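Enquirer: Here's my sequence, what's the structure:
(one chain, ligands or ions: 1)
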Amino acid sequence: MEFVVVEHPLIAHKLSLLRSLETPTALFRNIVNELVALLAYEATRRVKTEQIEIVTPITKTIGTRLSKSPRPIIVPVLRAGLGMLDGMLHSMPVAEVGFLGIKRNEETLEPQTYANRLPDDLMGRQCYIIDPMLATGGTLIDSINYLAERGAQDITCICILAAPEGVQAMREELDPNLNLSVFVGALDERLNEVGYIVPGLGDAGDRLYGTAN
Ligand code: URA
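Expert: Residues are numbered from 1 along each chain as shown. I've put the predicted structure just below:
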(Lines give C-alpha, C1' and ligand atoms only; values in the text may rest on other atoms or scores of the structure.)
Protein backbone atom coordinates (compact mmCIF):
# COMPACT_ATOMS: atom_id res chain seq x y z
CA MET A 1 0.00 0.00 0.00
CA GLU A 2 1.26 3.42 -0.97
CA PHE A 3 0.65 5.97 1.82
CA VAL A 4 1.28 9.64 1.07
CA VAL A 5 0.99 12.66 3.34
CA VAL A 6 0.58 15.52 0.89
CA GLU A 7 2.75 18.31 2.26
CA HIS A 8 2.08 21.80 0.98
CA PRO A 9 1.73 25.18 2.73
CA LEU A 10 -1.78 25.70 1.27
CA ILE A 11 -2.90 22.35 2.64
CA ALA A 12 -1.40 23.07 6.08
CA HIS A 13 -3.13 26.47 6.13
CA LYS A 14 -6.55 25.10 5.17
CA LEU A 15 -6.19 22.16 7.55
CA SER A 16 -5.57 24.50 10.47
CA LEU A 17 -8.76 26.38 9.61
CA LEU A 18 -10.66 23.08 9.57
CA ARG A 19 -9.28 22.02 12.94
CA SER A 20 -10.27 25.25 14.65
CA LEU A 21 -13.39 25.08 16.81
CA GLU A 22 -14.15 28.63 15.72
CA THR A 23 -14.69 27.70 12.06
CA PRO A 24 -18.46 27.70 11.38
CA THR A 25 -20.24 24.99 9.36
CA ALA A 26 -20.62 26.89 6.07
CA LEU A 27 -16.94 27.87 6.00
CA PHE A 28 -15.92 24.35 7.07
CA ARG A 29 -17.77 22.89 4.06
CA ASN A 30 -16.08 25.31 1.66
CA ILE A 31 -12.62 24.62 3.03
CA VAL A 32 -13.14 20.85 2.85
CA ASN A 33 -13.86 21.15 -0.86
CA GLU A 34 -10.86 23.42 -1.47
CA LEU A 35 -8.66 20.99 0.41
CA VAL A 36 -9.97 17.99 -1.48
CA ALA A 37 -9.20 19.68 -4.80
CA LEU A 38 -5.59 20.12 -3.64
CA LEU A 39 -5.32 16.52 -2.43
CA ALA A 40 -6.90 15.31 -5.68
CA TYR A 41 -4.17 17.08 -7.62
CA GLU A 42 -1.63 14.63 -6.15
CA ALA A 43 -3.92 11.63 -5.86
CA THR A 44 -4.92 11.68 -9.54
CA ARG A 45 -1.42 11.76 -10.99
CA ARG A 46 -1.95 8.28 -12.48
CA VAL A 47 -5.49 8.89 -13.75
CA LYS A 48 -5.98 7.46 -17.24
CA THR A 49 -5.93 9.92 -20.11
CA GLU A 50 -6.36 9.71 -23.88
CA GLN A 51 -5.02 11.77 -26.73
CA ILE A 52 -7.33 13.87 -28.87
CA GLU A 53 -6.90 16.09 -31.85
CA ILE A 54 -7.70 19.72 -31.13
CA VAL A 55 -7.59 22.90 -33.15
CA THR A 56 -6.04 25.98 -31.56
CA PRO A 57 -6.54 29.43 -33.09
CA ILE A 58 -3.18 28.81 -34.78
CA THR A 59 -3.03 25.16 -35.81
CA LYS A 60 -4.08 21.57 -35.24
CA THR A 61 -2.33 19.73 -32.40
CA ILE A 62 -2.67 16.70 -30.15
CA GLY A 63 -4.12 17.32 -26.71
CA THR A 64 -4.91 15.22 -23.65
CA ARG A 65 -8.19 14.58 -21.91
CA LEU A 66 -9.28 12.41 -19.02
CA SER A 67 -10.25 8.99 -20.30
CA LYS A 68 -13.98 8.54 -20.95
CA SER A 69 -13.71 4.81 -21.44
CA PRO A 70 -13.32 3.61 -18.79
CA ARG A 71 -14.27 6.65 -16.75
CA PRO A 72 -12.81 7.02 -13.24
CA ILE A 73 -15.33 6.50 -10.47
CA ILE A 74 -15.55 8.50 -7.26
CA VAL A 75 -17.05 6.72 -4.25
CA PRO A 76 -17.98 8.91 -1.29
CA VAL A 77 -18.46 6.90 1.89
CA LEU A 78 -21.67 8.10 3.56
CA ARG A 79 -22.20 10.38 5.25
CA ALA A 80 -19.09 12.52 5.72
CA GLY A 81 -17.57 11.54 2.36
CA LEU A 82 -20.38 13.45 0.64
CA GLY A 83 -18.86 16.66 1.95
CA MET A 84 -15.79 15.99 -0.23
CA LEU A 85 -17.66 15.22 -3.45
CA ASP A 86 -17.86 18.72 -4.97
CA GLY A 87 -14.10 19.21 -4.56
CA MET A 88 -13.39 15.89 -6.28
CA LEU A 89 -15.80 16.56 -9.14
CA HIS A 90 -14.29 19.98 -9.60
CA SER A 91 -10.94 18.24 -10.29
CA MET A 92 -12.38 15.34 -12.31
CA PRO A 93 -15.62 16.46 -13.97
CA VAL A 94 -15.78 13.38 -16.22
CA ALA A 95 -15.89 10.97 -13.28
CA GLU A 96 -18.85 8.77 -12.52
CA VAL A 97 -20.10 8.87 -8.92
CA GLY A 98 -21.05 5.81 -6.87
CA PHE A 99 -22.26 5.85 -3.27
CA LEU A 100 -21.48 3.53 -0.42
CA GLY A 101 -22.92 3.38 3.09
CA ILE A 102 -21.21 0.82 5.30
CA LYS A 103 -21.40 0.19 9.02
CA ARG A 104 -20.36 -2.61 11.33
CA ASN A 105 -23.07 -4.85 12.78
CA GLU A 106 -22.66 -4.24 16.53
CA GLU A 107 -23.21 -7.95 17.36
CA THR A 108 -21.44 -9.85 14.60
CA LEU A 109 -18.87 -7.09 13.85
CA GLU A 110 -19.42 -7.95 10.17
CA PRO A 111 -19.62 -5.00 7.75
CA GLN A 112 -23.17 -4.21 6.62
CA THR A 113 -23.91 -2.21 3.50
CA TYR A 114 -26.94 0.01 4.08
CA ALA A 115 -26.59 1.97 0.83
CA ASN A 116 -24.96 1.01 -2.44
CA ARG A 117 -25.13 2.74 -5.77
CA LEU A 118 -22.19 1.24 -7.62
CA PRO A 119 -21.69 -0.68 -10.87
CA ASP A 120 -21.60 -4.46 -10.21
CA ASP A 121 -18.42 -4.77 -12.26
CA LEU A 122 -15.52 -2.48 -11.35
CA MET A 123 -12.87 -4.41 -13.28
CA GLY A 124 -10.50 -2.00 -15.04
CA ARG A 125 -11.98 1.08 -13.34
CA GLN A 126 -9.88 3.56 -11.39
CA CYS A 127 -11.77 3.99 -8.12
CA TYR A 128 -11.37 7.01 -5.82
CA ILE A 129 -12.83 6.47 -2.34
CA ILE A 130 -13.37 9.68 -0.40
CA ASP A 131 -13.82 9.67 3.37
CA PRO A 132 -12.48 12.54 5.50
CA MET A 133 -11.28 10.64 8.57
CA LEU A 134 -9.06 7.55 8.51
CA ALA A 135 -9.49 6.75 12.22
CA THR A 136 -9.58 3.02 13.13
CA GLY A 137 -9.54 2.19 9.43
CA GLY A 138 -12.60 -0.09 9.82
CA THR A 139 -14.91 1.69 7.39
CA LEU A 140 -12.22 2.24 4.81
CA ILE A 141 -11.07 -1.39 4.99
CA ASP A 142 -14.66 -2.60 4.54
CA SER A 143 -15.22 -0.16 1.66
CA ILE A 144 -12.03 -1.23 -0.12
CA ASN A 145 -12.93 -4.91 0.29
CA TYR A 146 -16.43 -4.20 -1.03
CA LEU A 147 -15.00 -2.60 -4.17
CA ALA A 148 -12.36 -5.33 -4.55
CA GLU A 149 -15.10 -8.01 -4.40
CA ARG A 150 -16.63 -6.27 -7.44
CA GLY A 151 -13.38 -6.56 -9.36
CA ALA A 152 -11.74 -3.21 -8.53
CA GLN A 153 -7.96 -3.55 -8.62
CA ASP A 154 -6.90 0.08 -8.74
CA ILE A 155 -8.14 1.96 -5.69
CA THR A 156 -7.09 5.36 -4.37
CA CYS A 157 -8.37 6.69 -1.03
CA ILE A 158 -8.38 10.40 -0.26
CA CYS A 159 -8.74 11.41 3.40
CA ILE A 160 -8.27 14.72 5.13
CA LEU A 161 -6.75 13.31 8.33
CA ALA A 162 -5.35 9.93 9.33
CA ALA A 163 -4.40 8.28 12.63
CA PRO A 164 -1.40 5.91 12.75
CA GLU A 165 -3.66 3.16 14.17
CA GLY A 166 -5.87 3.23 11.07
CA VAL A 167 -2.93 3.21 8.66
CA GLN A 168 -1.45 0.21 10.48
CA ALA A 169 -4.79 -1.65 10.40
CA MET A 170 -4.99 -1.11 6.63
CA ARG A 171 -1.47 -2.43 6.16
CA GLU A 172 -2.25 -5.51 8.26
CA GLU A 173 -5.75 -6.37 7.06
CA LEU A 174 -5.88 -5.57 3.35
CA ASP A 175 -4.76 -7.77 0.48
CA PRO A 176 -1.16 -6.71 -0.29
CA ASN A 177 -1.73 -7.50 -3.98
CA LEU A 178 -4.26 -4.69 -4.38
CA ASN A 179 -3.04 -1.65 -6.25
CA LEU A 180 -3.95 0.66 -3.38
CA SER A 181 -2.89 4.23 -2.60
CA VAL A 182 -3.90 6.46 0.28
CA PHE A 183 -3.44 10.23 0.15
CA VAL A 184 -4.00 12.30 3.31
CA GLY A 185 -3.62 15.94 4.32
CA ALA A 186 -1.93 15.06 7.63
CA LEU A 187 -0.99 12.09 9.79
CA ASP A 188 -2.08 13.00 13.32
CA GLU A 189 -0.78 11.71 16.67
CA ARG A 190 -3.22 9.00 17.73
CA LEU A 191 -6.79 7.98 18.47
CA ASN A 192 -8.31 8.84 21.83
CA GLU A 193 -10.21 6.35 24.00
CA VAL A 194 -13.47 6.94 22.08
CA GLY A 195 -11.92 6.64 18.64
CA TYR A 196 -11.50 10.31 17.73
CA ILE A 197 -8.36 11.48 15.98
CA VAL A 198 -6.07 13.64 18.17
CA PRO A 199 -5.61 16.57 17.62
CA GLY A 200 -8.07 16.01 14.76
CA LEU A 201 -11.00 18.23 13.90
CA GLY A 202 -13.82 16.56 15.83
CA ASP A 203 -16.69 14.69 14.18
CA ALA A 204 -16.38 15.43 10.47
CA GLY A 205 -20.05 14.66 9.73
CA ASP A 206 -21.27 16.94 12.51
CA ARG A 207 -18.95 19.74 11.45
CA LEU A 208 -20.04 19.44 7.81
CA TYR A 209 -23.76 19.16 8.38
CA GLY A 210 -24.40 20.26 11.95
CA THR A 211 -25.69 17.70 14.43
CA ALA A 212 -28.98 16.05 13.42
CA ASN A 213 -30.72 14.34 16.33
N1 URA B 1 -14.60 10.20 12.65
C2 URA B 1 -14.66 11.54 12.80
O3 URA B 1 -15.56 12.21 12.28
N4 URA B 1 -13.72 12.14 13.57
C5 URA B 1 -12.72 11.45 14.16
O6 URA B 1 -11.88 12.07 14.83
C7 URA B 1 -12.68 10.05 13.98
C8 URA B 1 -13.63 9.44 13.22
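
Enquirer: In contact with the residue most central in space within the chain, which residues?
Expert: The centroid of the chain falls nearest to residue 130 when counting by Cα atoms, centre = their mean (2.1 Å). Residue 130 makes contacts with 36, 74, 75, 76, 77, 81, 84, 85, 88, 157, 158, 159, as judged by Cβ atoms under 8 Å, 6 or more residues apart in numbering. Just so you know, the C-beta spots here come from the backbone N, C-alpha and C atoms, and that holds for glycine as well.

Enquirer: Which pLDDT value does the model give it?
Expert: As predicted, residue 130 sits at a pLDDT of 98.

Enquirer: give me the element residue 64 is part of.
Expert: Assigned by DSSP states H and E, residue 64 belongs to strand 60-66.

Enquirer: circling back to that earlier point, the ligand next: which of the contacts of residue 130 are close?
Expert: By Cβ under 6 Å from any ligand atom, no member of the contacts of residue 130 lies near the ligand.

Enquirer: tell me which parts of the protein are close to the ligand?
Expert: Proximity of the chain to the ligand (Cβ under 6 Å from any ligand atom) is limited to residues 133, 135, 195, 196, 197, 200, 203, 204, 205.

Enquirer: Which ones among the residues you listed map onto strands?
Expert: Of the positions in these, 133, 197 sit in strands, assigned by DSSP state E.

Enquirer: So among the residues of the chain next to the ligand, which ones count as buried?
Expert: Neighbour counting by 16 or more other Cβ atoms under 10 Å classes 133, 135, 196, 197, 200, 204, 205 among the residues of the chain next to the ligand as buried.
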